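# Model the following, please.
(one chain, ligands or ions: 1)
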Amino acid sequence: MFEARHTMDAPTTTSADNGTSGGGGGWFTPHQQPATPPGGESASPEPAPMAPETTPPAEQHVLSQRTAPARAQEASPDAVLIRRTMAEVGPVADKVTSYFYALLFVRHPELRSLFPAAMDTQRDRLLKALLTAAEHIDNTPVLVDYLQNLGRGHRKYGTRPEHYPAVGECLIGALKKYAEHIWGPAFEAAWVRAYTTISQVMIDAAAVDELRAPAWWYAEVVAHDLRTRDVAVVTVRPDQPYPFLAGQYTSLETPWWPRIWRHYSFASAPRSDGLLSFHVKAVPAGWVSGALVHRARPGDVLRLGPPSGSMTVDHTTDRGLLCLGGGTGIAPIKALVEDVAEHGERRPVEVFYGARTDIDLYDIDTMLRLQQSHPWLSVRAVIDEQARLQLPDAIRRYGPWNEYDAYVSGPPGMIRKGVDALRDSGIPSERIRHDSLEELVVIGD
Ligand SMILES: NC(=O)C1=CN([C@@H]2O[C@H](COP(=O)(O)OP(=O)(O)OC[C@H]3O[C@@H](n4cnc5c(N)ncnc54)[C@H](O)[C@@H]3O)[C@@H](O)[C@H]2O)C=CC1
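Just a heads-up that it's a prediction; the model follows:
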C-alpha cells in the first residue's frame, strides 16, 4: 500500500517525502531534485506493465488499462479517512471545485496564467486528478505510474515544484470547508500525507524528465486532409525528434485555444521522416477538434506534450492481435498494424473496424491496402446500420480468440462493451489493452 510511513521509499522514487513533515501541521517543502538518476527505473518513458483491470465500473474512470487487481486487503487508516472525506464532499463536488479554484486564484494570482482563459469543463481536471490519486492511495503500482505520467505531463503547463504547496493548501482548504461535519486533525494529517506523497512523485518524475526531454514540442502542420465533413487527417512535423511507440497518444494544443490541451492517438508507427499524424473528428462544442478540422492549415504551429499510454504491442510474444477500432479509434490500430509489419513478424492480426455509416468508414482504403500487402492481416468493416449490430458484438460471431492479445480503441462506451465481449470470448483481462477511460473523455474533443 501507499501509506506514507511505510512505502515512500517504494519502487520508483526514493526521494519522496516520508510524510512525517506534513503530518497534521505545516505544509511540506518538496525536494527539487530527483533521487533516481536518469536511466534508472523511474526514468523509463514507458509505464511499468500493470495487472488487469478489475476495478468496479465506478472506479474505471480513474485507472488506466491493465490496472492492478484490487487486493483483498484492508484499507490503510489514511485511505479510510480519505474515502470518508470523498463520500462527504461527493454530493457537492461542483462547489468544492469552484471554491478550490477561487482560493487558488485569490491567494496565488500568479498561478492563474497556468490555466486556460476560459475555465470550461476541463477546469476541474487538476482537482479531479488529485482526488483520484488520493482515493487510490493504497494502490501503489497503479498510483505511481499514474502520478509519474501526471508529473511529466504537467511540465508543458509550466508547473514548478514551488507551485505544489499552494495547490495543496487550497485543496485542503476546500475539503475542510465542505467536509466540516467530519473534519478534524486526523483527517487533515491524512490528507497532508497523501498530498505530500502525490506531489513528491509528480515532482520527481518531472525532474527526471527534464533531463532528457523538452516540456513540449512545437509541431508545424504539413498536411491537412479532410476525409469527411467532420474528420481530418492532420500531419505535423515536430521541431525536434519525438520518440514514441505505436499505440500511444499525445496531448495537443492549438494556437486558437491557448492552454487547452486534448489527447490524440498517433495514427502511424514512428516514421523515418519523423512526421506524426492524427485522425481528428470535429464534435459539437469540441473547441480543439473543431479548430483542427475546420481551421488548421499547413504552416500552422501546434504544441505537443509528451507521449503517453500503454496500448503498445508486446513483442516478446508471437500471439495474434485482435484489434477493435471504432470511428477515429482506428488511428492507433493502424499504428499497431504498421508496428507489427516493421518488426517483420508473421503474427495473425485481425482488425474489426466499426463505423455508424459507410461514410464514417473514412480510412477503410488505407486498411484494405495494408491487408493486401500483408497476408497475416485481416480487416473486417462493421457498419452499424448495415450489420444491425455494434462493433463489440461482431467479434462474438468469430473466433475463438482466447489465444490472442486484444486492443480496443474508440468511444468509451464501445471500449466498455468491447472489453466485456473480449472477456466473454476467453481473453484474460491482462491481455486486453485500451487507453484510460478517464483520458478518453477528453480525447479528441
Ligand atoms: N485510443 C483510443 O481509444 C482512441 C479513442 N478515440 C475516441 O473514439 C471516438 C470516435 O468517435 P466516432 O468516430 O464519432 O465514433 P462513433 O461514435 O461513430 O462510433 C464508432 C463505432 O463504435 C461503436 N460504438 C459507439 N458507441 C458504442 C457503444 N456505446 N457501445 C458499443 N459500440 C459503440 C459504433 O457501433 C461504431 O461502430 C471518440 O470518442 C474518440 O475520442 C479516438 C482515437 C483513439
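# what is the mean pLDDT for the helix or strand where residue 167 lies?
Of the helices and strands defined by DSSP states H and E, residue 167 is found in helix 163-178. The pLDDT scores in helix 163-178 average 96.
# That one - contacts with which helices or strands?
Packing partners of helix 163-178 (3 or more C-beta pairs under 8 Å, 6 or more residues apart in numbering; DSSP states H and E): helix 77-89, helix 93-107, helix 125-135, helix 185-210. C-beta coordinates here come from the backbone N, C-alpha and C atoms, glycine included.
# Tell me which other helices or strands the longest one touches.
Helices and strands touching helix 185-210, by 3+ C-beta pairs under 8 Å, 6+ apart, are helix 4-7, helix 77-89, helix 125-135, helix 140-153, helix 163-178.
# quick one: pLDDT of whichever residue of the chain sits closest to the ligand?
Using C-beta to the nearest ligand atom, the single residue of the chain nearest to the ligand is residue 327, 1.9 Å away. Residue 327 is assigned 97 on the pLDDT scale.
# do the same with residue 51
Confidence for residue 51, expressed as pLDDT, is 26.
# Please apply the same query to residue 21.
At residue 21 the predicted local confidence, pLDDT, stands at 27.
# Can you pull the phi/psi pair for the residue in the chain sticking out farthest from the centre?
What lies farthest from the middle of the chain is residue 181; by C-alpha atoms, centre = their mean that is 34.7 Å. When read as degrees, to the nearest 10, the backbone of residue 181 gives phi -70, psi -30.
# Tell me the residues of the stretch 101-250 of the chain that contact the ligand?
Residues of the stretch 101-250 of the chain lying near the ligand by C-beta under 6 Å from any ligand atom: residue 249.
# The helix holding residue 167: which residues count as buried?
Neighbour-count burial for helix 163-178, counted by 16 or more other C-beta atoms under 10 Å, picks out 163-175, 177-178.
# Over to stretch 350-358?
Quick answer for stretch 350-358 (16+ other C-beta under 10 Å): 350-355.
# can you check stretch 422-441 too?
422, 425, 427, 429-440.
# quick one: which of these is nearest residue 317?
Among these, residue 431 lies closest to residue 317 (C-beta to C-beta), at 9.2 Å.
# Go ahead and confirm that closest one touches residue 403.
No - between residue 431 and residue 403 there is no contact under C-beta atoms under 8 Å: 9.7 Å.
# about what we covered before: deepest in the core, which of the helices and strands packed on helix 163-178 is it.
Scoring the helices and strands packed on helix 163-178 by mean neighbour count under mean count of other C-beta atoms under 10 Å gives helix 185-210 as the most buried, with a mean of 24.
# circling back to that earlier point, from memory the residue farthest from the centre of the chain sits against residue 87, does it?
No - taking contacts as C-beta under 8 Å, residue 181 lies outside contact range of residue 87: 11.5 Å.
# Show me whatever sits in contact with both of residue 431 and residue 403.
Counting by C-beta atoms under 8 Å, 6 or more residues apart in numbering, the shared contacts of residue 431 and residue 403 are residue 319.
# coming back round to it: of all the helices and strands packed on helix 185-210, which lies closest to residue 104?
That would be helix 163-178 among the helices and strands packed on helix 185-210, by C-beta to C-beta, at 4.4 Å.
# picking that back up, for the helix holding residue 167, what is the distance to the chain centroid?
24 Å (C-alpha atoms, centre = their mean, to the nearest Å).
# got the contact list for that helix?
For helix 163-178, contacts defined as C-beta under 8 Å, 6+ apart pick out 27-30, 85, 88-89, 92, 95-97, 99-100, 103-104, 107-108, 111, 114, 126-127, 130, 183, 187-188, 191-192, 195-196, 199, 202-203.
# measure the residue nearest to residue 386 when sequence neighbours are not counted to residue 228 for me?
Nearest residue to residue 386 in three dimensions, chain neighbours excluded: residue 358, at 7.5 Å (C-beta to C-beta, 6 or more residues apart in numbering). If you measure residue 358 against residue 228 using C-beta to C-beta, to the nearest Å, the figure is 11 Å.
# remind me which residues of this structure are low pLDDT?
Scanning the chain for pLDDT under 70 picks out 1-73, 120-124, 438-445.
# circling back: how many neighbours does the residue of the chain closest to the ligand have?
Number of residues near residue 327 (other C-beta atoms under 10 Å) recorded here: 23.
# Now do the contacts for it.
Residue 327 makes contact with 281, 354-356, 360, 410-411, according to C-beta under 8 Å, 6+ apart.
# likewise residue 252?
261-264, 278, 288, 292, 302-305.
# mind redoing it with 7 Å?
Residues in contact with residue 252 (C-beta atoms under 7 Å, 6 or more residues apart in numbering) are 261-262, 264, 302, 304.
# which of those residues lies closest to residue 384?
Nearest to residue 384 among those is residue 264, at 23.7 Å by C-beta to C-beta.
# Next, the nearest residue to the closest one once chain neighbours are set aside: phi, psi?
Distances taken as C-beta to C-beta, 6+ apart place residue 278 nearest to residue 264, at 4.2 Å, with adjacent residues excluded. When read as degrees, to the nearest 10, the backbone of residue 278 gives phi -140, psi 150.
# Correct me if wrong: residue 278 contacts residue 268.
No - using C-beta atoms under 7 Å, residue 278 is not in contact with residue 268, being 9.5 Å away.
# which stretches of the stretch 201-350 of the chain form strands?
Counting by DSSP state E, counting those that start in this stretch, the stretch 201-350 of the chain has strands at residues 217-226, 231-238, 249-253, 261-265, 276-281, 301-304, 320-326, 349-355.
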